[in-house]
Structure formats: C-alpha cells, structure tokens
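S.K.: curious how this folds, go ahead:
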Amino acid sequence: MNVEIKEAGDARKVALVTFDSEEVSEQENQVCREFGRMANVPGFRKGKAPPQVIRKRYSKEMQEELNRKVSTTAYEAVLEHKDIKVYSILKVDAGEVATDTPATVEITVDVEPDFDLPDYEAFELTVHPTEVSDEDVDKELDSLRDQRASFEEVDRAVAEGDFVKCSYEGSLDGSPVADLLPDKPMYGKQSNTWEEAGQPKGLGVDAISKGVLGMSKDEKKEVEAEFEEDFELAPLAGKKVIYSLEIHEVREKKAPDPEDESFLEALKAESLNDLKDKIRKDLEMRKERENVDGKRAQATQKILELPDFPLPQQAVEDESKTIFEQRIQRAAQQGAKQEDIEAKRDELWNESQVQGRARVKLTLVLGKIAEEEKVEVSNEDLAQAATREAMMRRVDPQAYVKELSQDRARISRLREDILYDKTLELVASKGKEKVVESDEKKTD
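M.R.: Now for the predicted structure:
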C-alpha cells in the first residue's frame, strides 16, 4: 500500500492510497472467509460451503463489502499518516474494486492547520472596580421601588412621570396618517393607549408624550410632530403631522416607602439596612460577573485578531450555513417579509461567512489551548450543561437528559461547547488584569 498526498486548497488535501493486486486479493479472500463463516447454503453445513460457491452466491454483497473494506483500510492509513493531521474526512472514492487488480482510493480531507499558539497569559484584559458606592445602592433601591410602584388616579394637570390614558389621531396635509400607514397604528391612530408623560419612547411619537404635559382629564388639543428627513417611514420623512389629542385618565406613580414592612417582606429583608446590605452584595456580584464576561469577550477578540491561517473549508461552510439559517429564521420570527429577506439574502450570506470563519478560527485556537492545558470535560459537566439546556427549553430535565443520551452527535457537540467554554474561561483567568474606571465615572 502506498499513500500519496496532494494539495487541494486551503487546509485541504487529497490522499491517493494505492493497493497492488496481491493486497486487493488478500482483502477479497478475507471477505470471502467472513461470508463463508456466516453463510447458510443449502447442501452444506453452516460455514462449510467452498469459496467458489460463496463467491457465486454472494457476489453482489461481497463486492460491496470489498469496496467498504478497501476504503476503510485506505482512510485508516490516511488518519495514521505522519505528514498530515486530519480535521475531517470529506469524501472516500474507491471506484469499483476488482480482485487480482490494483486499486486506488481517493480520499479528500480537510486538515488541521499549523499555527502558533498566542501567549495568552500576556493578554491585557481590562476590568472595572467592583466597589459599590452608597449612590449605587440608592439607585438600585429606587429601581426596586419603581418596580413595585402603584398608580393612583389623580384629578389634576398632568406632570412629568405620570401615566396618561389618551387617544390621538394624526393628520398629514388633511389626510389621515392611519390610511397612509395602516400597519403602523402608533403613528396614525390610537384609542385608549398609555403614555408616560414627558418621557420620549424612542419608538413612536415623542410629541404625544410631551404634549400631554399640563393637560387635564377630558381635555383636548392639537400637537405638532416634526419627523426627520431620514425618518425610516418614507410617508412621514421630513413632514409635519398634526395630532388631535384627548386625555381620558391621569395616574400618578407612587413608589412604596423603603421602610414599609410589606415592601421589605417582599424582598425578604428584615430592615432597610438589611435590604441595603443585600443590594450591595448583589451589585458586587453583578460587577464581578460583568468583569468575568468582559474578560471572556476581550480574550475572544484577541484570539480573533491573531494572524489568519488556513481554515478547514468544510467546517467554515457548515458554520456559515448554520448561522445563515438561524438569521433567516430569526428575521421571519421578527415579522420580516419574505421578499425583504430574499432581497438581503446575499448580504446575509456574506455576513454569515465572516462569522463562520471567526467561529472556526476561535474553535481551532481554543481546541489547541485545551490540548496544551489538558482541559477535560467530566460527566458532571455534561449533566449540568444538559440540565441548563432543559431549563432554558422549559422541558423536564430528566426526560431531556435521557433523550440527549441517545443522540451521540448532540452529545459530542455539547461536549465540544463545554470544552471551548472552559478553555475560554481559563484563558480569561490567566490574562493580565488592568483596572480602569467605568465610563460613567470618566464622564463625571
């Protein structure tokens, strides 16, 4: 047997594995013996039929098995070849193998690229201070109070922060906006909708939330909304719309007293000081988690910024297809029209290829680091990851783990994901931390 390796593009090679006629004949004899041991041929005891009878009776099956056997021997030889490290086998073509005739098996493989590991312990990763100020605690306390606020109806003029029940209808050059934009009612006509007075929505008509200020229940007036020249809805871009506005109800937001017993009980705190201590600890843990996540993101980016090297083509193709299909599905779920998706198909595919290459590059580097650092995935790691997945999918964890255990491909993918996640965590933990002030403090 002889193995010849040829280049076939980036990180791809073709191996030609040749067998002389004697080697093929030996493989065929083995196949014949294997069939002979199992064959039930009329007139012969099991396993005692002569070779010529076996070959005649099982010619088709033996030919298929010979092809398989020669192909298997060939790709095993390629896997063991000292000059290449196979990443994945793409194609095995043995043609028609004939007894007493030389055979050549063509095997196309993507190979693991050769690259130098980065000095990841020298990665400089920024973190933010985890100290929590009294101001941070008070801000979080106010947020908790807001979440549990009541809304009481009041008989007075609307003030900033009030929640107002109102109706409005827009008119553009004498025509109802609702007729121009039937699928965007927030810009045309709304009945009994709620607005937070004085607070821009970011999505919708800010002039309404500002216009209600100073108005009272049952009062009506007109407000003018000016839309920017580059506004996303063409019929309104650069136009002024007159909205007829009517107030139906005014409610004042009242946050609970921070020392109120029911408020403290709901948050499982014995006193305001106890609650503040809990808030402080939670904020410290949150900041620490943000630092860990931030370091992982920075480590990922530094790996992706390493000099490029040839990537296994099929792996890039598979990852790109997965990303592309996910983006198409997500766009459809978010209500995008099929014609709009089709119009952006090429753009989405190009972006998916960029992301696919990045994923494969990251996977290869993390895989090599994992090998270097001897990172391993335990059964406990697998069980915990499977349980988390089950909870995210809102299914019974035991049933999900049982289902997963019957699918080797999914278990293998989950094991790989855990390995890379643990390795990224390791890289992030080994980097050099540089403490920087948060953007908010810099601005102050």
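S.K.: now stretch 148-168 - C-alpha only, PDB.
M.R.: Extracted in PDB, the C-alpha atoms of stretch 148-168 (Å, rounded to 0.1, in the frame of the first residue of the first chain):
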ATOM      1  CA  ARG A 148     -43.400  47.800  42.900                       C
ATOM      2  CA  ALA A 149     -44.900  51.200  42.500                       C
ATOM      3  CA  SER A 150     -48.700  51.700  42.500                       C
ATOM      4  CA  PHE A 151     -50.500  54.000  40.000                       C
ATOM      5  CA  GLU A 152     -53.300  56.100  41.600                       C
ATOM      6  CA  GLU A 153     -55.800  58.100  39.600                       C
ATOM      7  CA  VAL A 154     -55.500  61.800  40.300                       C
ATOM      8  CA  ASP A 155     -57.600  64.900  39.400                       C
ATOM      9  CA  ARG A 156     -55.000  67.400  38.400                       C
ATOM     10  CA  ALA A 157     -52.900  68.500  35.400                       C
ATOM     11  CA  VAL A 158     -50.500  66.000  34.000                       C
ATOM     12  CA  ALA A 159     -47.000  66.200  35.500                       C
ATOM     13  CA  GLU A 160     -43.800  64.600  34.200                       C
ATOM     14  CA  GLY A 161     -43.700  60.900  35.100                       C
ATOM     15  CA  ASP A 162     -47.500  60.500  35.300                       C
ATOM     16  CA  PHE A 163     -49.100  57.700  33.300                       C
ATOM     17  CA  VAL A 164     -51.800  59.100  31.000                       C
ATOM     18  CA  LYS A 165     -54.600  57.200  29.200                       C
ATOM     19  CA  CYS A 166     -55.200  59.000  26.000                       C
ATOM     20  CA  SER A 167     -56.400  58.800  22.400                       C
ATOM     21  CA  TYR A 168     -54.900  60.500  19.400                       C
END
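S.K.: for it, which positions count as buried?
M.R.: Buried residues in stretch 148-168, counted by 16 or more other C-beta atoms under 10 Å: 158, 162-166, 168. No exception for glycine: its C-beta is placed from N, CA and C like everyone else's.
S.K.: can you redo those residues as a markdown table with secondary structure, pLDDT and distance to residue 197?
M.R.: Converted to a markdown table, the buried residues of stretch 148-168 look like this (DSSP: H, G, I helix; E, B strand; the rest coil; pLDDT from 0 to 100; distance: C-beta to C-beta, whole Å):
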| residue | secondary structure | pLDDT | distance to residue 197 |
| --- | --- | --- | --- |
| 158 | coil | 97 | 5 |
| 162 | coil | 95 | 5 |
| 163 | strand | 95 | 7 |
| 164 | strand | 96 | 5 |
| 165 | strand | 97 | 11 |
| 166 | strand | 96 | 10 |
| 168 | strand | 97 | 14 |
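S.K.: just those residues now: which is nearest residue 422?
M.R.: Closest to residue 422 out of those is residue 163 (47.5 Å), distances taken as C-beta to C-beta.
S.K.: show the model's pLDDT score for residue 203.
M.R.: Model confidence at residue 203, given as pLDDT, is 67.
S.K.: what of the one 4 residues further on?
M.R.: Residue 207 is assigned a predicted lDDT (pLDDT) of 93.
S.K.: now it. Nearest residue, chain neighbours left out?
M.R.: Distance criterion C-beta to C-beta, 6 or more residues apart in numbering; nearest residue to residue 207, sequence neighbours excluded, is residue 225 at 3.7 Å.
S.K.: name the element that neighbour belongs to?
M.R.: In this structure, residue 225 sits in strand 220-226 according to DSSP states H and E.
S.K.: in that strand, which residues are buried?
M.R.: Buried positions in strand 220-226, judged by neighbour count with 16+ other C-beta under 10 Å: 223, 225.
S.K.: mind checking how far it is from the chain centre?
M.R.: Computed by C-alpha atoms, centre = their mean, to the nearest Å, the chain-centroid distance of strand 220-226 equals 44 Å.
S.K.: partners of it in the sheet?
M.R.: strand 240-254 (antiparallel) (DSSP bridges).
S.K.: what average pLDDT does the strand holding residue 225 get?
M.R.: In the prediction, strand 220-226 has an average pLDDT of 96.
S.K.: pull the most distant pair out of the buried residues of stretch 148-168.
M.R.: Farthest pair in these, by C-beta to C-beta: 162 and 168, 16.4 Å.
S.K.: from what I can see the residue nearest to residue 207 touches residue 241, true?
M.R.: Yes - Residue 225 is within contact range of residue 241, at 4.8 Å (criterion: C-beta atoms under 8 Å).
S.K.: find residues that contact each of those two.
M.R.: Common neighbours of residue 225 and residue 241, counting by C-beta atoms under 8 Å, 6 or more residues apart in numbering, are 170, 205.
S.K.: list the contacts for residue 229?
M.R.: 237-238 are the contacts of residue 229 under C-beta under 8 Å, 6+ apart.
S.K.: list phi and psi for it.
M.R.: Main-chain torsions, residue 229, degrees, to the nearest 10: phi -60, psi -30.
S.K.: so where's this protein uncertain?
M.R.: Scanning the chain for pLDDT under 70 picks out 201-203, 438-444.
S.K.: what about the helices in the stretch 201-350 of the chain?
M.R.: Per DSSP state H, counting those that start in this stretch, the stretch 201-350 of the chain carries helices over the ranges 206-211, 261-266, 272-304, 313-333, 338-343, 345-373.
S.K.: can you give the domain ranges for the chain?
M.R.: Taking automatic domain parsing as the reference, the chain has its domains at 2-111, 150-254, 308-443.
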